[in-house]
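> Dropping the sequence and predicted coords here.
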Amino acid sequence: MQLDAFTLVPHAFAWLTEQRPLAAVLGTELDLRLFSYRDTTPLRAGQVDDEPYGGGAGMVLRVDVVAAALEGAYGGMPEHRVVALTPQGRQLTQEVVEELAGEVRLTLLSARFEGFDERVVQHLASDAISIGPYILSNGDLPAMVLVDAIARRLPGAIRQESGALESFSADLEGGLEYPQYTRPPEFRGWDVPDVLLSGDHGRIEQWRREQSRRRSLL
């Protein structure tokens, strides 16, 4: 998969590329490319944003800047999916992650402060995604969330069984994962459930399914 992220601060992604599972698939299943809007801006002194028409606080990422970045990277407008990270986009869910992980090529557009000129979302992007009903000052964080979520669904990122039984997976009917415990079996009077120490895998499986359903209904 070729995954391109357009950003004002490409170096912000550096720590992410060193972490598993992303690091496990870089250069094999995933080709992650980072592009700075400032490198191709048609404006002087690296300018990329401007004051909003009609007044108001904040700065808006210009449509001509984003268009120049896309044209510089692809020689024109890309035919593959281009995702704008914006609060007005469709809500990110695991189902959406699985959908995006199936793409061969994918482009992410991030912004800052007051976000994009609306023409970016309407005419340059082909999809828009929000990671939640809250506001961040940095559009790179949603982009990183999406990069990580997609990377872990690529072959070799994690063990297959690890991805099968986790929150929102099909094997758990889209519900939450069951509680997990490890050593010690008792700490400060807090005990691990006896069923997990029983060695009875049938009972353990039944308990885990029940716990998953209970958590999902809360």
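Done, it's in.

> Can you give me the buried ones in the helix or strand containing M144?
Assigned by DSSP states H and E, M144 falls within helix 140-151. Within helix 140-151, the residues scored as buried using 16 or more other C-beta atoms under 10 Å are 140, 142-147, 149-151. Quick note: C-beta positions are derived from backbone N, CA and C, even for glycine.

> Extract the C-alpha trace of the lengthiest strand in the chain and format it as PDB.
The residue-count maximum for a strand in the chain (DSSP state E) belongs to strand 81-91. Coordinates of the C-alpha atoms in strand 81-91 are reproduced here as PDB (Å, rounded to 0.1, in the frame of the first residue of the first chain):
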ATOM      1  CA  ARG A  81      -8.900   8.300  -2.900                       C
ATOM      2  CA  VAL A  82      -7.900  11.500  -1.200                       C
ATOM      3  CA  VAL A  83      -9.100  11.900   2.400                       C
ATOM      4  CA  ALA A  84      -9.400  15.200   4.100                       C
ATOM      5  CA  LEU A  85      -9.200  15.000   7.900                       C
ATOM      6  CA  THR A  86     -11.900  17.300   9.100                       C
ATOM      7  CA  PRO A  87     -14.600  17.400  11.800                       C
ATOM      8  CA  GLN A  88     -17.300  17.500   9.100                       C
ATOM      9  CA  GLY A  89     -16.200  14.100   7.700                       C
ATOM     10  CA  ARG A  90     -17.800  10.700   8.300                       C
ATOM     11  CA  GLN A  91     -17.000   9.200  11.700                       C
END
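
> Past it, which element shows up next along the chain?
From strand 81-91, the next helix or strand downstream (DSSP H and E) is helix 94-101.

> Which of the residues in that next one are classified as buried?
Within helix 94-101, the residues scored as buried using 16+ other C-beta under 10 Å are 96-97, 100-101.

> how about the helices in this structure?
When assigned using DSSP state H, the helices of the chain occupy the ranges 14-17, 22-25, 63-74, 94-101, 118-119, 140-151, 160-164, 201-217.

> Convert the longest one to PDB, retaining C-alpha atoms only.
What follows is helix 201-217, C-alpha atoms only, in PDB (Å, rounded to 0.1, in the frame of the first residue of the first chain):
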ATOM      1  CA  HIS A 201     -10.400 -23.500  27.400                       C
ATOM      2  CA  GLY A 202     -14.100 -24.100  26.700                       C
ATOM      3  CA  ARG A 203     -15.100 -22.300  29.900                       C
ATOM      4  CA  ILE A 204     -12.600 -19.600  29.300                       C
ATOM      5  CA  GLU A 205     -14.000 -19.000  25.800                       C
ATOM      6  CA  GLN A 206     -17.500 -18.900  27.100                       C
ATOM      7  CA  TRP A 207     -16.500 -16.400  29.900                       C
ATOM      8  CA  ARG A 208     -14.800 -14.200  27.500                       C
ATOM      9  CA  ARG A 209     -17.700 -14.100  25.100                       C
ATOM     10  CA  GLU A 210     -20.100 -13.200  27.900                       C
ATOM     11  CA  GLN A 211     -17.800 -10.500  29.200                       C
ATOM     12  CA  SER A 212     -17.500  -9.000  25.800                       C
ATOM     13  CA  ARG A 213     -21.200  -8.900  25.400                       C
ATOM     14  CA  ARG A 214     -21.700  -7.300  28.800                       C
ATOM     15  CA  ARG A 215     -19.100  -4.600  28.100                       C
ATOM     16  CA  SER A 216     -20.600  -3.800  24.800                       C
ATOM     17  CA  LEU A 217     -24.000  -3.300  26.300                       C
END
